[in-house]
Each structure stands twice: as C-alpha cells, then as structure tokens.
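Q: The following block contains a protein sequence and its predicted model.
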Amino acid sequence: MEKNIFSGINKIDIIKRIPIFANLDKRELEFVSEKSRIAEYKKDEALYLEKSPPDAFYCIVSGRVKAHTASPDAREHMLEVLHRGEYFGIISLLTGDPHSLTATAINDSVILKINKEDFDILLKRIPQLAIHLSQTLSKRIKVKQMHPKTVFESDIISIYSTSKGAGRTTYAVNLSISLRRETGKKVILLDMGSSHKETCRLLGINPANKSLNLKDASADLDYIKRHILRYYSGIEVLNILHVLKESRDERYIIPLLGLLTNEYHFIVIDLSFQMDEVVFKVLTQADDIHLIVDSEKPHLEAASRLIEELNKSISNAKSKIKVIINKTKPDEALSSEQRKEILKDSVFANLPEIETPGTGGGLEAGPIIIREPKSEYSRAIRRISRDTGNVLVGLALGSGAALGLTQIGMIKVLESENIPIDYVVGSSIGALIGAFWVSGKNARELENIALSFENKLVTLKLVDPALPRSGLINGDGVVSFLKETLGDKTFADVKIPFKVVASDIYNRRIVVLERGSLVDAVRASVSIPGIFVPIRRDNSILIDGGILDPVPVDILVNMGIKRIIAADTLPSPDDIQRTRLHEEEHEKKLKGERSFFKRAKFFFNSAAKRLITPNIFDIIVNSMQAMEYSLGEACLQQADVVLKPRLIDLKWYELFNAGRLIKLGEQEAIEKLPQIKKLVSE
C-alpha cells in the first residue's frame, strides 16, 4: 500500500485536528487514538453499503466521500458530499438500524475509523461526545421525518446592532440577496425591527399591511405564508410585529423559527437594536450571530459587553458570533488593531463606507449588491455570504523563488474573469505576492513591480551581505523593498483574509502567521535557509515556509474551505530534464559555429561556468526545491484546481525574466479557466 501524506504523523495530532475531538483533553485524545485506526480507501471504493449492518464510526481525514442511494430506475441519487473533518455512519450506530445509504470515496481518501464495540466504550468513557452525537442524531431524524425525500441543512442567522444607524438593515437586505445568488438556496428575511419601512424601501416592496403578529403565529404554515412578501431576486420577506419588552412573545418566536427551518435553507433575522427578552432569545437560538458595529468606541465597548453576556448563555459562542465592523464615516478615530483589541479579537469582517443619497445614487436606488455589484461593499458582502453558505473559494500561493512570479499572471486572469477569492494563503514567494495583492495592489500593479526587476541592478538592491554565521544575506534590502509597498499594514488591514506560512526550524513545525505586521510575516516566509538570516520570533527561529509547506493547501482545508485553487510554481523533474536537453542542443549548436571568435567565446564561457557551477546558492535552492516538489505533490492532492505552468529554460534566480514568467502563469490560468469557473459556480 502506498504511503499517504499522514503516514509519518502521530495519530493524536491527526485526531485533534478533527472538529468533533478538538476540545478533548490529552487523556481523552489518547483514548480515542487507542480505540481508532487509520483506514485508506481508493477512488470509487465503498466504505459501506446501503442496508448493511452498522459497523463503525467514520470521520474523514483527507479526501471526499459521497452518501448516495439508488432511485427506482436504478440510477444513483447522491444526497450529500462529505469533506475533511465530517463524520458519518453515526445514525446506524446509535439506533442499531442498517445503513440507509451507501458511502463511497470520491477520491482516494484517508478515514479515521472506530469499530462499533470500541465506539460504545468511547461514548461511556467520554460523555460529552455522547451528548453531542445524540443532538446530531435528533436533528437528522427530525429532518428525515419532516422531509423524507429531501435532506438539507437550515441556518438561522441573527443580525443585531447595539446602536441605531450602524447599517444593520442595509446589511441584512444585501446579505439575504447575496446568499440567494451565491448558494442558489432558499432564503427568507425576517424583519423584526420596530418599523418595517426601511426593509421595504430598500427592496421596493409594498408591505400592503402584510405583517405577522407574533401572538397570532401558529403551527399553521399556510397562515404564515399568507404574510410573506416576495422580491424579484428570489428572496422572501416576512415582517413580524413585535411589541418591545413584551416577554410573552418569547414563546411564539421559537416555534415559528422551527417551522421556517423546514422550508428555508437560510433564515436571516433583522432584529431591533433595542434589547428585550425576545431579541436575546433569538440571539441565543441562532446558528450564527452577525453583530453589526460602527467604529465609535462606545458602540464597540457595548458590543464587547454583549459578547460577554452571550458567552454565558451559548455553548461554543466564539464560533457563532461574527462581528462585522461597518464603516459609516470617512474618518475613523480608532485603528483596526484598536477595534480588535476592544472586541477581544472577534472581528470577522470589515465593511467599507457606502455612498449616501445625493452622492451618486446611494441607498434610494435599491440594494447595493444589485446596484453596484463591483463595489467594495458588495465584494465584502459576497465573501461573507459565501462563508455563511459554505461555498468559500481559497487560493494557495506556493514557493518557487523567482519562478513564483508566474503567480502574478494567474492573478491577472482571476481578476479579469471576476473569479471570487475569499481566502489567500501564501508560502515563500507566494506569501510576498499574496501580501501585495490582498493589501490592495491589483494584478497590473503587481506586474509593474515584477517587471522592474528586469533591470538587474534593481535585484542587487535586495542583496546586503552578512557575516556568514546564520545566513549569507541580512535581508534588510528585502525589508526595505517590502515596506515600499506594504508600509505599516497589518493582517487587519487586508482586503481579502490572508495567512502566511513559515517554518520553525527549532521545533520542526509549520507556523501560520495571521496577526501583526505583513512585512515581518513575509520576511520570515521568504527566508531561504543558508541564504537569508532567519527571523527570531518568540521561541521560534523562522525560515522559508516552503521547507515544510511548499503549496499551503492544507491550511485552507483545515479552515474548512472546500473550493481550493492551488498555484504550484516548482519545476517538475520533466521541466528540469527538458531544460537540460535544450541546453545540450544549444551547446552543440555553438560548438559547430564556423566563426572562430564565437567558438572561442563559447569555450571561455563554458570554462567559466564550470568554475562557478554549482555554487552555494544553486546547491541550497535546488536541494530545497527537490524536497519541496515531493512535499508539494502530496499537498496538491487536496486541491480542486492546480495551476502548474511548464517551467522550461528558467532558473530559480531569474527575476529579470519576470515578463516571460508572468506570461506563462497567465497562459496556464487561461487553459484551466473552464475548470475554475465550474468550481466556483457549482
């Protein structure tokens, strides 16, 4: 059996990356490890068959699994696709019933498997797992009873603001429309504000007195549907009359939400900013809480206090509360770092300022997501909706030294085709290019920066020799170059969420940098060992991210991102062989030159080349890239689309070939464009 990418990893390290086991203590993790085993399944291999007896608990470590059955005409009917970290087989285990579906590996997959007998022991030994799994079973059985022919998840999203005028309703309307467009699923917007005028005005809907009084709400779904308004974009709206401080309404709102979860995939609730028992109850019952806050310090502090209260009432509140900073004024008194400090680092997203009426259309012209789809506000809303709808697109930018400039060409195509990218993770040269891009430089500006290196004197500015103790180059020149573009920007200032990968040489582990200075993070990630002086950070010595994670697809996978585009800019053995053949053909041609002077020049250059080749830089980088290529091949198995340009007759140090490298990246992205478009539109 071939080794998978987890073969050399301690099983406990694998288990604690799985969400269901993430909060277990060391002793419990060891017990899970003792009772489980790692199993491998090839593409199209069945893990279990429909109607077979319950045999084990399954959890995906890598790969994908589909749950399917056969329709009466014998065609496969796929009900669900399961990804890394998701578990299955649980209903049969807990009920003792045969499997109702067949589970089949879509790709070669690595599965954590716990046999039935050991699983029973595990539940007795770790009660919190039993509680969690029982809740899961209850939810799935309910869905199955209510909709025997349909399986889908519903999310209740509560939108709240601690102050008036923070843009809560505008956000709720635009998020609802974007959720419908990005996921294609059913969305209903519940307006529980004190007045329904704002929502109807933004949508251009005539309320026609169609408001549902909570006291009149009943289990009669037809009665509720008579109060629902429909907007042409596909969303539905339900205005709810709620008398503030009327605590009796609390007993009506939860049954209402229960009915709606059986009809809609997303229930977006625009709550009144005035807190009462009903508002708080909805917040605690929601699957996600979007807390809209402007940049005023008192409002941020009020939001922080609310988060503390919610933490007392909601289990795992940190994963449910998403703070959205809405920029309502051109000038902000507090920096992004100060805002994050007040909110205890719980900021999820930042929304840019929207034009007000009279300055170019404003809100009166309709939802901005429709009116100005390319605006920064609309882009941010779409990213949030893709996150909420679990359809995020991630981009992994890899190592490759100068060859990594091909990634600029790839970004040019992604930009020109309006391919949505929600998260970027960069390693080595990918960290540098990624940092420039997410900080606001567009593809054309990136290209201009790269083309400046076609003047070889510019490249020399990056080289500042050091005493050969821990590296040959200090890296001050690189820092100066980075600061020219990035300035003092931090990870909190980027337009697209971004992470940088470095390698901790002392602890032999991958380090993910996502806070603080972008310049410092990139400087660490590009520190080629032996060439650049490494970076000391806390108790770590950080070097090139490509040493341990040349194409950081795994970081995106661990974040739960299921649509991944990877840029692999390391030369393959085939590229290297073809380069060598071209060089040999060129040498033969020069040897056959009739001109004495040309032949003499060739023999002189060949002799000089033999004296300096291989030099220490070539030995270090080529050795490193040989290792990185093997690691990268394993990482790329989990990507959906891999962009891998052919890198023939190009060397790792040829920054002066930026134009050609960018063109190669552009050609590769254009060739893979059908795959990319299919991925983001599925």
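A: That came through, no problem.
Q: Give me the pLDDT value at V553.
A: With respect to pLDDT, V553 scores 93.
Q: which helices and strands sit right next to the helix or strand hosting E301?
A: Assigned by DSSP states H and E, E301 falls within helix 297-313. When contacts are defined as 3 or more Cβ pairs under 8 Å, 6 or more residues apart in numbering; DSSP states H and E, helix 297-313 packs onto helix 277-285, strand 288-293, helix 317-320, strand 321-326, helix 336-342. Bear in mind the C-beta positions are built from the backbone N, C-alpha and C, glycine included.
Q: Need the ones you listed in JSON lines (columns: mean pLDDT, mean neighbour count and distance to V522).
A: Converted to JSON lines, the helices and strands packed on helix 297-313 look like this (pLDDT from 0 to 100; neighbours: other Cβ atoms under 10 Å; distance: least, Cβ to Cβ, whole Å):
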{"stretch": "helix 277-285", "mean pLDDT": "84", "mean neighbour count": "20", "distance to V522": "39"}
{"stretch": "strand 288-293", "mean pLDDT": "92", "mean neighbour count": "24", "distance to V522": "30"}
{"stretch": "helix 317-320", "mean pLDDT": "81", "mean neighbour count": "15", "distance to V522": "29"}
{"stretch": "strand 321-326", "mean pLDDT": "88", "mean neighbour count": "23", "distance to V522": "25"}
{"stretch": "helix 336-342", "mean pLDDT": "65", "mean neighbour count": "17", "distance to V522": "18"}
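Q: Can I get the ones you listed in TSV including distance to R27?
A: Output for the helices and strands packed on helix 297-313, formatted as TSV (distance: least, Cβ to Cβ, whole Å):
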stretch	distance to R27
helix 277-285	32
strand 288-293	33
helix 317-320	24
strand 321-326	30
helix 336-342	35
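Q: So which of those is nearest R371?
A: strand 321-326 (17.7 Å; Cβ to Cβ).
Q: got the angle between that closest one and helix 277-285?
A: Put simply, strand 321-326 runs at 110 degrees to helix 277-285, going by axes from the mean of the first three to the mean of the last three Cα atoms, to 10 degrees.
Q: Centre of the chain to strand 321-326, how far?
A: A distance of 17 Å separates the C-alpha centroid of strand 321-326 from that of its chain, computed with Cα atoms, centre = their mean, to the nearest Å.
Q: Who does it pair with, and is each partner parallel or antiparallel?
A: Next to strand 321-326 in the sheet, as set by DSSP bridges, lie strand 288-293 (parallel), strand 347-351 (parallel).
Q: can I get the ones you listed in CSV with distance to P19?
A: Formatted as CSV, these follow (distance: least, Cβ to Cβ, whole Å):
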stretch, distance to P19
strand 288-293, 16
strand 347-351, 18
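Q: who wins for proximity to E668 among those?
A: Closest approach to E668 among the strands paired with strand 321-326 (Cβ to Cβ): strand 347-351, 31.2 Å.
Q: Which residues does whatever helix or strand comes next after that closest one contact?
A: Helices and strands here follow DSSP H and E; after strand 347-351, the next one along the chain is helix 368-371. Helix 368-371 has contacts (Cβ atoms under 8 Å, 6 or more residues apart in numbering) with 170, 174, 177-178, 181, 233, 354, 361, 365, 375, 377-378, 381-382.
Q: And stretch 626-644, by the same measure?
A: Under Cβ under 8 Å, 6+ apart, the answer for stretch 626-644 is 4-5, 62-63, 84, 107-108, 396, 398-399, 410, 546-554, 557, 563-573, 665, 668-669, 672, 675-676, 679.
Q: which residues in the stretch 51-200 of the chain form strands?
A: Under the criterion DSSP state E, counting those that start in this stretch, strands of the stretch 51-200 of the chain are mapped to 56-62, 65-70, 76-82, 87-88, 102-105, 109-115, 155-160, 187-192.
Q: Flag whichever of these has the least confidence on average.
A: Ranked by mean pLDDT, the strands of the stretch 51-200 of the chain end with strand 76-82 in last place, scoring a mean of 73.
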